[in-house]
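Asker: next one to model:
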Amino acid sequence: MKKTSLLKKLILDNDILVMPGAHDALSAKIIELVGFKALTMGGYAASAASLAKPDVSLLTLTEYVNTARNIAQAVEIPLFVDGDTGHGNITNVQRTVREFENAGVAGLFIEDQIFPKRCGHMEGKQIISTLEMVAKIKAAVDARVDEDLVIMARTDALAVNGIDDAIERGNIYRQAGADLIFVEAPTSKEEMVRINREIEAPTLAIQLEGGKTPLLTTQEIEELGFKVVVYPNSTVYATAWALKELWTELLKNGSTKSFVEKMICFNDFNDLVGLDKIRNLEAYYYHDLLETLKK
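Answerer: Residues are numbered from 1 along each chain as shown. Below is the predicted model of the structure:
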């Protein structure tokens, strides 16, 4: 099954789809190894990992796509990515969709913030008109080659105009052709219930440690009616904490020895990144195949 078709199936299945976030190919590989069925890459984590900068539209489309391509090639599970505002107007949106689709992603979302956007849990967001966003969604849907490529519409209207406008926009965006709807940054379970009761579409929830939305279990989120939940920043937060602890230990004690039990070390790490497969491939072409050709 194509990754796009698989992602769409997972979204529509009875069980909630849980997608951890990766910021590079290695973190994606670990998500797959643990056993998750799909993963996501958000702009916040990608900006932090690539530039050590906040999520304020500093990462270019090309940089996004290169990271997405590396992740998509590293894993067999579907990848869902952050398309930001589409990186411009409707023509930019269409290029964004085509570039990500060519990179091998299974889905992406476009949001209704103005450019430059900011993380949805930051203050001071501004949004475009509903009609302009409808045009972007229709442009995105028309640009995809694979009809199963998932297009999600995200609205940041809740923080700007309130939940009524966010819900209205969610329904309009669904009618415009979005496969999935994301109302960013609800601040209570009551708002989360309203989103699912009043928006006639599959919906996505986000879990952001330290963000505005309550941290719940995946079962609780499923019971509220969401079809998908993403954890886009958990990996980059945990990585930053672990690295800070590691290098503090070295600076303080002159060795990383006490940290070894918290590491995947040399041989196990080589297994993780597939060294044996590469060595077997080399042996086939440089030895086995050549020996066959000599006969």
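
Asker: got the contact list for N14?
Answerer: Residues near N14 by Cβ atoms under 8 Å, 6 or more residues apart in numbering: none. Bear in mind the C-beta positions are built from the backbone N, C-alpha and C, glycine included.

Asker: that one falls within a strand, correct?
Answerer: No. In this structure, N14 is coil, not part of a strand, as judged by DSSP: H, G, I helix; E, B strand; the rest coil.

Asker: torsion angles phi and psi at it?
Answerer: phi -60, psi -40 (degrees, to the nearest 10).

Asker: next one: it from R197, what distance?
Answerer: In this view, N14 and R197 are 19 Å apart by Cβ to Cβ, to the nearest Å.

Asker: in the stretch 51-200 of the chain, which spans are helices?
Answerer: 61-74, 90-103, 130-143, 157-161, 163-175, 189-198 (DSSP state H, counting those that start in this stretch).

Asker: okay, those helices in TSV with mean neighbour count, distance to I110 and mean pLDDT next?
Answerer: Shown next, in TSV, are the helices of the stretch 51-200 of the chain (neighbours: other Cβ atoms under 10 Å; distance: least, Cβ to Cβ, whole Å; pLDDT from 0 to 100):
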stretch	mean neighbour count	distance to I110	mean pLDDT
helix 61-74	19	12	96
helix 90-103	19	6	98
helix 130-143	19	6	98
helix 157-161	20	14	93
helix 163-175	19	9	98
helix 189-198	16	18	97
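
Asker: in CSV, list these along with distance to L51.
Answerer: Shown next, in CSV, are the helices of the stretch 51-200 of the chain (distance: least, Cβ to Cβ, whole Å):
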stretch, distance to L51
helix 61-74, 8
helix 90-103, 19
helix 130-143, 25
helix 157-161, 25
helix 163-175, 30
helix 189-198, 32
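
Asker: to L272, which of those helices lies closest?
Answerer: Closest approach to L272 among the helices of the stretch 51-200 of the chain is made by helix 61-74 (11.1 Å; Cβ to Cβ).

Asker: quick one: closest of the helices of the stretch 51-200 of the chain to N267.
Answerer: Closest approach to N267 among the helices of the stretch 51-200 of the chain (Cβ to Cβ): helix 61-74, 20.2 Å.

Asker: angle of the helix or strand hosting S27 against helix 61-74?
Answerer: For S27, the host element (DSSP states H and E) is helix 25-34. If you take axes from the mean of the first three to the mean of the last three Cα atoms, to 10 degrees, helix 25-34 sits at 40 degrees to helix 61-74.

Asker: buried sites along the helix or strand that helix 25-34 is followed by?
Answerer: Downstream of helix 25-34, the first helix or strand assigned by DSSP H and E is strand 39-41. Across strand 39-41, burial judged by 16 or more other Cβ atoms under 10 Å covers 39-41.

Asker: what's the helix or strand D268 falls within in contact with?
Answerer: Using DSSP H and E, D268 falls within helix 266-272. Outside helix 266-272, the residues that touch it by Cβ under 8 Å, 6+ apart are 29-30, 33, 264, 276.

Asker: how does it look with 7 Å?
Answerer: The contact list for helix 266-272, computed with Cβ atoms under 7 Å, 6 or more residues apart in numbering, reads 29, 33, 264.

Asker: need those in JSON lines (columns: neighbour count, pLDDT and distance to P202).
Answerer: Output for the contacts of helix 266-272, formatted as JSON lines (neighbours: other Cβ atoms under 10 Å; pLDDT from 0 to 100; distance: Cβ to Cβ, whole Å):
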{"residue": "K29", "neighbour count": "18", "pLDDT": "97", "distance to P202": "28"}
{"residue": "L33", "neighbour count": "10", "pLDDT": "96", "distance to P202": "28"}
{"residue": "I264", "neighbour count": "12", "pLDDT": "92", "distance to P202": "36"}
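
Asker: would a markdown table of those with distance to M133 be doable?
Answerer: Formatted as a markdown table, these follow (distance: Cβ to Cβ, whole Å):
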| residue | distance to M133 |
| --- | --- |
| K29 | 35 |
| L33 | 37 |
| I264 | 43 |
